[in-house]
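**Student:** Got a predicted model here, sequence first, then my questions.
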Amino acid sequence: MNAARTISNFGGNVRFQPTGYFEPGDETEVISILNQHRGQQIRVVGSLHAWSDLVVTDGIVLNVTHLNQVDLQPDGESTWVGAGCQIKTVLAALKKEGRTLPSLGLITEQTIAGATSTGTHGSGRHCLSQYIQAVRVVRFDPVTGDAMIELIEAGNDLRAAKCGLGSLGVIVSVKIQCRPCYGIEEHFREYRSLEPVLLAEEQFPLQQFFLAPWRWSYLAQHRREVPLKRSRLAGLYRIYWFLSIDLGLHLLILFALRIVRSNRFVRFLYRHVIARTVIQNWKVTDESSAMLIMEHELFRHLEIELFVTRDRLEPALNYVREVLTVAANPSAERSAPSQVSSSRDGLEALRGVYCHHYPICIRRVISDDTLISMSSGGSQDWYAISLISYARPTQRSGFQQVAAFLATTMSRQFGARPHWGKYCPLPAEDLVGLYPEFGEFRRTCEERDPQGRFRNSWITQLFQATSAARES
């Protein structure tokens, strides 16, 4: 235990000091720690690759990094994974058995419990939470007050636990679906409008695409599942990708942002340089665990991600474009027709405060059977719109102003849902209003944790907002 430890997240935007910090070695130690601190607030951390206030507490913090076992089941269709096991470790263990996970996010540094508790997603499939089949949590017995292990494996209880924000107890392991290893074929192509990109989904259902700011074209990363037969030049492609995108693009952006410090130079790069460095129509096949990820953890950044349904995607992207255009230029003329007429006064306050400098990533996520994952509910697919800032932590105020404006106005105009694990400036009452089943989620959590030991102030505000909405 280290009572004086200060905890900081990956992005550097969240810092706090808990009363106590523990790294239990096994489930028995988790139970023991909870019993010793049964009257205190308890939160769990993993890799801390998140930007929201989910982990913040002045109580007790458990780092479950040592709960990292991978136990493939005899049928090969599922595996039990320790809560603190990083996704890259899960993939390596499953690969030895010819298996893999059915969905992957952009990074593999996250722990399995952290990724599923916040609805981490890839592109073209469900979020990772959807594939959870059972969850084992440590919580307090409401009768005896002692810590106990509970298995959650059915009904709304499981739908809540799949994306539980750490509010049902301390997750110690999850049972998640797995599948045989498979290949991904991909290639890039640039488009001047959104329509052909969306039409390409039928042929490339796992694609993700990027809206290049200031050039305002779409770079589509067309991807589809194919039999696992690695291309002869797959190794060269991986080297190209790492040097050109994972390193080169980001170093160029950092050079423009921190050395040159010129908005005009940023615009020049996107209009005339960056898109031309992407090799188009180079079709390569490699294993899914190599093709579906990026080394996004190499450089510290801040990210907000907003989810909208397919029917709202095009107007939402037009809206984002107009807001970014105005925010970057005090003399910018609004586009016609305007998408932001209802929030014009708020937008005027953003003039000249921020020039966006990173490609806007858009990924399709199939609707999930969970209570509150961002892509839960409805019959339409959801699209995650990701905006990232590589500014230093002390120079992010402009991005944060724009992000807060986008989150607030897009939630009202497009029903946009901010990612639970990323920068989330939306007020509690607005957040819970985006989830028709948030009341059921709250009921499930309170049934298991009536004293609120596994909540923090942010979660408590969400629960209170649900009560206020119900009473009104």
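**Tutor:** Looks like it arrived, so ask away. Residues are numbered from 1 along each chain as shown.
**Student:** Could you list which residues are in contact with the residue most central in space within the chain?
**Tutor:** In the chain, the centroid-proximal residue (C-alpha atoms, centre = their mean) is T120; its distance is 4.6 Å. Contact analysis of T120 by C-beta atoms under 8 Å, 6 or more residues apart in numbering lists 105, 110, 114, 127-129, 421. For every residue, glycine as well, the C-beta is placed using N, CA and C.
**Student:** TSV for these, including pLDDT, secondary structure and distance to P213?
**Tutor:** Formatted as TSV, the contacts of T120 follow (pLDDT from 0 to 100; DSSP: H, G, I helix; E, B strand; the rest coil; distance: C-beta to C-beta, whole Å):
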residue	pLDDT	secondary structure	distance to P213
G105	90	coil	23
Q110	93	coil	27
G114	93	helix	30
C127	96	coil	26
L128	95	helix	29
S129	95	helix	31
G421	94	coil	24
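**Student:** Name the nearest of those relative to V81.
**Tutor:** Closest approach to V81 among those (C-beta to C-beta): L128, at 11.1 Å.
**Student:** And that closest one, how far from S375?
**Tutor:** As judged by C-beta to C-beta, to the nearest Å, L128 and S375 stand 11 Å apart.
**Student:** Give the intersection of the neighbour lists for these two.
**Tutor:** Counting by C-beta under 8 Å, 6+ apart, the residues touching both L128 and S375 are 119, 121.
**Student:** Against P142, how distant is the residue nearest to the centre of the chain?
**Tutor:** Distance of T120 to P142, computed by C-beta to C-beta: 31 Å.
**Student:** buried residues in stretch 223-232?
**Tutor:** Neighbour-count burial for stretch 223-232, with 16 or more other C-beta atoms under 10 Å as criterion, is recorded at 223-224, 228.
**Student:** same question, stretch 251-260
**Tutor:** In stretch 251-260, counting by 16+ other C-beta under 10 Å, buried: 253-254, 256-257.
**Student:** same check, this time on stretch 429-449
**Tutor:** 431-435, 437-442, 444-445, 448-449.
**Student:** now swap in stretch 270-284 and tell me
**Tutor:** By neighbour count on 16+ other C-beta under 10 Å, the buried set for stretch 270-284 is 270, 274-275, 278, 284.
**Student:** Format those as JSON lines; extra columns: secondary structure, pLDDT and distance to D157.
**Tutor:** JSON lines is the format used below for the buried residues of stretch 270-284 (DSSP: H, G, I helix; E, B strand; the rest coil; pLDDT from 0 to 100; distance: C-beta to C-beta, whole Å):
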{"residue": "Y270", "secondary structure": "helix", "pLDDT": "95", "distance to D157": "47"}
{"residue": "I274", "secondary structure": "helix", "pLDDT": "90", "distance to D157": "47"}
{"residue": "A275", "secondary structure": "helix", "pLDDT": "87", "distance to D157": "48"}
{"residue": "V278", "secondary structure": "coil", "pLDDT": "91", "distance to D157": "46"}
{"residue": "V284", "secondary structure": "strand", "pLDDT": "97", "distance to D157": "43"}
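**Student:** Which single one of the residues you listed is nearest to I33?
**Tutor:** Ranked by distance to I33 (C-beta to C-beta), the buried residues of stretch 270-284 are led by V284 at 47.6 Å.
**Student:** In space, what's closest to the closest one - neighbours in sequence excluded?
**Tutor:** Nearest in space to V284, with sequence neighbours left out and distances taken as C-beta to C-beta, 6 or more residues apart in numbering, is Y237 at 4.3 Å.
**Student:** Check A3 and give its pLDDT.
**Tutor:** Note on A3: pLDDT of 56.
**Student:** for stretch 247-264, how far is the first residue from the last?
**Tutor:** End-to-end distance for stretch 247-264, by C-alpha to C-alpha, to the nearest Å: 22 Å.
**Student:** rewinding a little: pipe the contacts of T120 into JSON lines and attach distance to R189 and neighbour count per row.
**Tutor:** Output for the contacts of T120, formatted as JSON lines (distance: C-beta to C-beta, whole Å; neighbours: other C-beta atoms under 10 Å):
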{"residue": "G105", "distance to R189": "23", "neighbour count": "23"}
{"residue": "Q110", "distance to R189": "30", "neighbour count": "26"}
{"residue": "G114", "distance to R189": "34", "neighbour count": "27"}
{"residue": "C127", "distance to R189": "26", "neighbour count": "29"}
{"residue": "L128", "distance to R189": "28", "neighbour count": "29"}
{"residue": "S129", "distance to R189": "31", "neighbour count": "29"}
{"residue": "G421", "distance to R189": "31", "neighbour count": "23"}
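**Student:** Tell me the pLDDT of V326.
**Tutor:** On the pLDDT scale, V326 gets 94.
**Student:** what number of residues lie near it?
**Tutor:** Each residue near V326 was counted by other C-beta atoms under 10 Å, and the total is 23.
**Student:** can I assume it sits in a helix?
**Tutor:** Yes. Checked against DSSP: H, G, I helix; E, B strand; the rest coil, V326 lies within a helix.
**Student:** ok, it to L347 distance?
**Tutor:** 6 Å.
**Student:** Take the buried residues of stretch 429-449 and keep only those in helices.
**Tutor:** Using DSSP state H, 431-432, 438-442, 444-445, 448 are the members of those that sit in helices.
**Student:** Would you confirm that A93 contacts V70?
**Tutor:** Yes. The criterion here is C-beta atoms under 8 Å, and A93 meets it with V70 at 4.0 Å.
**Student:** Next, report how far the strand or helix carrying V135 is displaced from the centre of its chain.
**Tutor:** Using DSSP states H and E, V135 falls within strand 132-140. Strand 132-140 has its C-alpha centroid displaced from the chain centroid by 21 Å (C-alpha atoms, centre = their mean, to the nearest Å).
**Student:** Could I get the full set of strands for the stretch 201-350 of the chain?
**Tutor:** Remark: strands assigned in the stretch 201-350 of the chain by DSSP state E, counting those that start in this stretch are 208-212, 217-226, 284-287, 302-309.
**Student:** Same list, those, but as JSON lines with distance to R363 please.
**Tutor:** Shown next, in JSON lines, are those (distance: least, C-beta to C-beta, whole Å):
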{"stretch": "strand 208-212", "distance to R363": "4"}
{"stretch": "strand 217-226", "distance to R363": "10"}
{"stretch": "strand 284-287", "distance to R363": "19"}
{"stretch": "strand 302-309", "distance to R363": "9"}
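**Student:** For R38, which of the ones you listed is the nearest?
**Tutor:** Closest of the strands of the stretch 201-350 of the chain to R38 is strand 302-309, at 35.9 Å (criterion: C-beta to C-beta).
**Student:** Mind giving me the packing neighbours of the closest one?
**Tutor:** Contacting strand 302-309 under the criterion 3 or more C-beta pairs under 8 Å, 6 or more residues apart in numbering; DSSP states H and E are the following elements: strand 382-389, helix 397-414, strand 417-418.
**Student:** Report the angle between that strand and helix 397-414.
**Tutor:** 10 degrees (axes from the mean of the first three to the mean of the last three C-alpha atoms, to 10 degrees).
**Student:** Setting the sequence-adjacent residues aside, check what's closest to V138.
**Tutor:** V170 (4.4 Å).
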